[in-house]
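Visitor: no FASTA, just this:
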């Protein structure tokens, strides 16, 4: 079946511009996560959605970052007034409801990521 | 989340077993051990997880010590496509973020 998809795959923007990154989770997955991976760095958690609500936003680095999820499906990560240090690969993951067959307990399925470059 | 310690890098010959260690001495009773890997330029991929019993699936085996303070991921017959960064993560077995460390870069050599 279809996996997690993200768009765009690559985004180049100028410092100060706003960007929107999109994540389409696997159908039926109730949990959705955003991470980012800067060059040479590990993966950093940003935000977690359960349905349309975000019980954990602790990883968002500043108030320039926001995310929403609508209809329990698609999520958008928005970065306002981008800075060069925002350059990274932004990864989205989703996981099925606990106890769902075909998946390990809360296994997270990752998309291919969006590579953001801020000039 | 409990902190994990892994070697920075390891090498393995193609066709041989790859044994990747992980120390998690501060693991809590409700925390599971998860392994993910990240092949270059791809998103992370789930491999296996366990609580206290050893586990095996089509990809790998997970051996957890009796005191749960360390574990070993075993790829029984490594191939060149197994070259990746392998992450050992401990977290509660509920919907929860993954906290990635530096992982182990496994290089499978022909």
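Guide: Received it, and whenever you're ready, just let me know what you need. Note that the coordinates shown come from a computational prediction; the quantities given were computed from them, not determined experimentally.
Visitor: the residue of chain B found nearest chain A: what's its closest spatial neighbour, skipping adjacent residues?
Guide: Per CB to the nearest CB, residue B:43 is where chain B lies closest to chain A, at 3.1 Å. In short, each C-beta sits where N, CA and C put it, glycine included. Distance criterion CB to CB, 6 or more residues apart in numbering or on different chains; nearest residue to residue B:43, sequence neighbours excluded, is residue A:110 at 3.1 Å.
Visitor: which residues does that neighbour contact?
Guide: For residue A:110, the contacting residues are A:4, A:91, A:92, A:93, B:43, B:44, B:45, by CB atoms under 8 Å, 6 or more residues apart in numbering or on different chains.
Visitor: likewise for residue A:74?
Guide: Counted by CB under 8 Å, 6+ apart, residue A:74 has contacts A:22, A:23, A:24, A:25.
Visitor: ok, now with 7 Å
Guide: Residues in contact with residue A:74 (CB atoms under 7 Å, 6 or more residues apart in numbering or on different chains) are A:22, A:23, A:24.
Visitor: gap between the last one and residue B:88?
Guide: Translated: residue A:24. 29 Å (CB to CB, to the nearest Å).
Visitor: and those two? Which one has more around it.
Guide: residue B:88 (26 against 18; other CB atoms under 10 Å in any protein chain shown).
Visitor: pretty sure the more buried one contacts residue B:6?
Guide: Yes - taking CB atoms under 7 Å as the definition, residue B:88 is a contact partner of residue B:6 at 5.5 Å.
Visitor: give me the common contacts of those two.
Guide: Here residue B:88 and residue B:6 have residue B:22 as joint contacts, going by CB under 7 Å, 6+ apart.
Visitor: which of the contacts of residue A:74 lies closest to chain B?
Guide: Distance to chain B across the contacts of residue A:74 (CB to the nearest CB) is lowest for residue A:23, with 11.2 Å.
Visitor: ok, stretch A:53-61 near chain B or not?
Guide: Yes - Stretch A:53-61 is in contact with chain B by CB under 7 Å from any CB of the partner chain, via residue A:56.
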